[in-house]
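1. Give me the fold of what follows.
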Amino acid sequence: MVLEKKDFIEINFTGRIKDGEVFDSTEKENLEAMHRGHSHEHVEAHPFIFCLGEGMFLKAIDDFLIGKQADSAYEIELSPENGFGLRNPALIQKIPIKIFKEKNINPIPGVSLNFDGRVGKILSVSGGRVIVDFYHFLAGKTLSYKINVIRKIDDLNEKVNSLNEFFFRKKFDFEINGDKLIMKVESNLVKLVELFKESFKELLSLDLEIKEIKEIKETEPGKDMNKDLEKSEV
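-> The predicted structure follows:
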């Protein structure tokens, strides 16, 4: 079966820096190796489901897989231009240390922080200035991917579940009635889900109708993500 744009497919993959370490994987063994030394982290391995050619994976991998066969394994090497881009000197910036002090943050070389949605790594602290590297950590790297296309997905319910996982990292109760997708959404998430109405229409040809339900209180630590500067792992 030849894969086409807008097909939903399930894959296992492992990405590594060429001749180097693994940086992303759906395989349990590789995930455990990546997180070794972080015993507090729960490692859950599961295949990745996405829609081909719709920006849900690296474009170069999308382009590579279109026209290939399902139920097959592939290897692909990506140049920096086709991966996470070339390194750009403009992305190394000097930030006054007073900005950190205002947020009660001690800038330590080697630590990565979230700057209003941009992750930057502290390179050095000298005098009143902090040098921050905003490069993606894979920028300038040649990458290699091993990809196993497990299957093409035709079930519409499974497609909806996969989009909810991709967009929201969450499962919602829903029903499909004709060309309508009726989704039950907690009140605190309604505005967020509304932003993706066009995506559901484009990818599934379904009109999203949101049924607001009582908010389910979250108890997980670290749910406050609205700080200007916040410690973050890369």
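2. pLDDT averaged over the lengthiest helix in the chain - what is it?
-> Secondary structure assigned by DSSP state H gives helix 156-168 as the longest helix of the chain. Helix 156-168 carries an average pLDDT of 97.
3. and if you look at stretch 119-130?
-> Mean predicted lDDT for stretch 119-130 stands at 88.
4. How far away from the center of its chain is the longest helix of the chain?
-> Chain-centre distance of helix 156-168: 14 Å, with C-alpha atoms, centre = their mean, to the nearest Å.
5. ok, which stretches of this structure are helices?
-> Secondary structure of the chain (DSSP H): helices at 28-34, 59-65, 97-102, 156-168, 190-194, 197-204.
6. Show me the contact partners of the fourth one.
-> Residues from elsewhere that reach helix 156-168, judged by C-beta atoms under 8 Å, 6 or more residues apart in numbering: 8, 49-51, 56, 153, 170-172, 174, 176, 181, 189, 192-193, 196, 199-200, 203-204, 206. For every residue, glycine as well, the C-beta is placed using N, CA and C.
7. Please spell out which residues along that helix are buried.
-> Residues of helix 156-168 classed as buried by neighbour count (16 or more other C-beta atoms under 10 Å): Lys159, Val160, Asn161, Ser162, Leu163, Asn164.
8. Out of the residues you listed, flag the one nearest to Leu31.
-> Ser162 (19.5 Å; C-beta to C-beta).
9. Poorly predicted segments of this protein, please.
-> For the chain, applying pLDDT under 70 flags the ranges 35-43, 216-234.
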